[in-house]
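1. Kindly generate the corresponding structure for this input.
(one chain, ligands or ions: 1)
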Amino acid sequence: MPEPRPALAIDLGGTKILAALVRPDGRLAAEEYELTDAWEGKDAVVARICNIARRTLNAAGLEPGELAGAAIAAAGIIDTNLGLVTVSPHLPGWSDVPLGEILHERLNIPAWLVNDASAAALGEQRFGAGKGMKNLLYITVSTGIGGGIILDGQLYEGTNGAAGEFGHMTVDPAGPRCPCGNIGCWEVMVSGSAIAAEAARRLGSGESSLLQSMIRGKPESVNAQMVGEAADRGDGLAREIIARAAEYLGIGLVNLVNIFNPQMIVIGGGVSNLGEMILQPARQLVWERAFKLPGQTVRIVKAGLGQASGVLGAAALVFRKTGEDLA
Ligand SMILES: [Zn+2]
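-> Now for the predicted structure:
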């Protein structure tokens, strides 16, 4: 039997571009990164993507023909039928960019494009916390909220590839306006930015908290990690803020559990690093409020892949498309 071929996987983020050669068993053979510097515009970023792709191949001593294929995971609305980045929050000025085709032409390898949270869902299902799960939802809770859906073993991307935007379901009609235009989105109630904004508002009104000494008079400098640390040390205000975020997290999870009846929900992103402090009350709320059967069936767990979820997920997509077996 021929040796299973590796995939070239690229994670195009707002801050940096990560590339890696990933073997079908999940081992990383070469890793390279560059700053995205998205402000330089589309052509410069595309050139950097091709550059880092070539460098990764060289570092591993491989020719394009020795790969199963390549995939790029990117934030934003990806038209997977046409292989276009239609719009991305991290890439100002990008509109309908055929990134998959560009990579295919310049490197001469089959290349696919996938939403970063969809990629992470595939990565967790093949290599991470959700190994072997047929019905899995992945949710990344960081500055925003993204989602990926695996149903009956298949990635569900919707009609255009835009499915899984869990972060933009309304969980509070009286909540703040979301940058997407909707009101009270899950993302503006639970994300790292939402936790920081709530903390800044309450610190700004002079409430007493350990956080006051951490922010040195600048409420806007508070972040979710600081709130987590203060809560760990028993701070009342920080605990209230985490409890509120956990409640909204749970409200969204109840909706998803009732709609999808998944086996597992994997939660990644920076806010998941708050760990059981936020996950356990959210699980409890699912237990209390979701329909009994799906609520008791679902396992809600922290992601297993961390920073590598984008490249491992992009690689998992390539292996699905080309049928490379697990080594
Ligand atoms: Zn929104």
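2. Flag every residue of the chain that's near the ion.
-> Near the ion, the residues belonging to the chain are 168, 178, 180, 182, 185 when assessed by Cβ under 5 Å from the ion. (C-beta placed from N, C-alpha, C; glycine too.)
3. could these go into a markdown table alongside pLDDT, neighbour count and secondary structure?
-> Formatted as a markdown table, the residues of the chain next to the ion follow (pLDDT from 0 to 100; neighbours: other Cβ atoms under 10 Å; DSSP: H, G, I helix; E, B strand; the rest coil):
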| residue | pLDDT | neighbour count | secondary structure |
| --- | --- | --- | --- |
| His168 | 96 | 18 | helix |
| Cys178 | 94 | 19 | coil |
| Cys180 | 89 | 14 | coil |
| Asn182 | 96 | 14 | coil |
| Cys185 | 97 | 28 | strand |
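4. ok, then the element right after the strand or helix carrying Ala70?
-> Per DSSP states H and E: Ala70 is located in strand 69-74. Downstream of strand 69-74, the first helix or strand assigned by DSSP H and E is strand 77-79.
5. can you give me the offset of that following strand from its chain's centre?
-> Computed by Cα atoms, centre = their mean, to the nearest Å, the separation of strand 77-79 from the middle of its chain amounts to 15 Å.
6. The helix or strand just after it packs against which elements?
-> Where DSSP H and E defines the elements, the next helix or strand beyond strand 77-79 is strand 84-87. Judged by 3 or more Cβ pairs under 8 Å, 6 or more residues apart in numbering; DSSP states H and E, strand 84-87 is in contact with strand 77-79.
7. Parallel or antiparallel, which strands does the strand it packs on pair with?
-> strand 84-87 (antiparallel) (DSSP bridges).
8. Give the next helix or strand downstream of the strand it pairs with.
-> helix 99-107.
9. buried sites along that next one?
-> The neighbour-count check on helix 99-107 (16 or more other Cβ atoms under 10 Å) flags 99-100, 102-104, 106-107 as buried.
10. got TSV for the residues you listed, with pLDDT too?
-> TSV is the format used below for the buried residues of helix 99-107 (pLDDT from 0 to 100):
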residue	pLDDT
Leu99	91
Gly100	89
Ile102	92
Leu103	90
His104	91
Arg106	91
Leu107	89
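11. wait, which of those is closest to Arg126?
-> Gly100 (20.4 Å; Cβ to Cβ).
12. Just the pLDDT for the closest residue to that closest one other than its chain neighbours.
-> Sequence neighbours aside, Gly83 is the residue nearest to Gly100 in space, at 3.6 Å (criterion: Cβ to Cβ, 6 or more residues apart in numbering). Looking at Gly83, its pLDDT is 84.
13. For the ion, see how far away Gly83 is.
-> Distance of Gly83 to the ion, given as Cβ to the ion, to the nearest Å: 25 Å.
14. show me what contacts that residue?
-> 98-101, 112-113 (Cβ atoms under 8 Å, 6 or more residues apart in numbering).
15. make it 10 Å
-> 72, 97-104, 111-114, 161 (Cβ atoms under 10 Å, 6 or more residues apart in numbering).
16. can you check Ala243 too?
-> 231, 277-278, 281.
17. in the helix or strand that contains Arg48, what's buried?
-> Element membership of Arg48, judged by DSSP H and E, is helix 42-60. Neighbour counts over helix 42-60 (16+ other Cβ under 10 Å) mark 42, 45-46, 48-49, 52-54, 56-57, 60 as buried.
18. After the lengthiest helix in the chain, which helix or strand is next?
-> Criterion DSSP state H: the longest helix present in the chain is helix 236-260. Moving toward the C-terminus from helix 236-260, the next helix or strand (DSSP H and E) is strand 264-268.
19. Could you check how many residues crowd around Arg216?
-> 7 (other Cβ atoms under 10 Å).
20. Can you give me the distance of it to the ion?
-> 32 Å.
21. Got the confidence number for that residue?
-> 90.
22. ok, so what distance separates it from Leu8?
-> Separation of Arg216 from Leu8 (Cβ to Cβ, to the nearest Å): 45 Å.
23. ok, now which ones touch the closest residue to Leu237 other than its chain neighbours?
-> In space, Leu237 comes closest to Ser209 once its chain neighbours are excluded; the distance is 3.8 Å by Cβ to Cβ, 6+ apart. Applying Cβ under 10 Å, 6+ apart, we find Ser209 in contact with 199, 202-203, 215, 222, 227, 230, 235-241.
24. Specify which member of the residues you listed is nearest to His90.
-> The closest of those, once distances to His90 are taken by Cβ to Cβ, is Val222, at 23.1 Å.
25. quick one: Gly130 is in a strand?
-> No - assessed with DSSP: H, G, I helix; E, B strand; the rest coil, Gly130 is coil; it does not lie in a strand.
26. Just want the residue of the stretch 1-150 of the chain that's nearest the ion.
-> Closest residue of the stretch 1-150 of the chain to the ion, Cβ to the ion: Gly144 (8.4 Å).
27. quick one: pLDDT of the closest residue to that residue other than its chain neighbours?
-> Of all residues not flanking Gly144 in the chain, Glu187 sits nearest, at 4.9 Å (Cβ to Cβ, 6+ apart). Note for Glu187: predicted pLDDT of 95.
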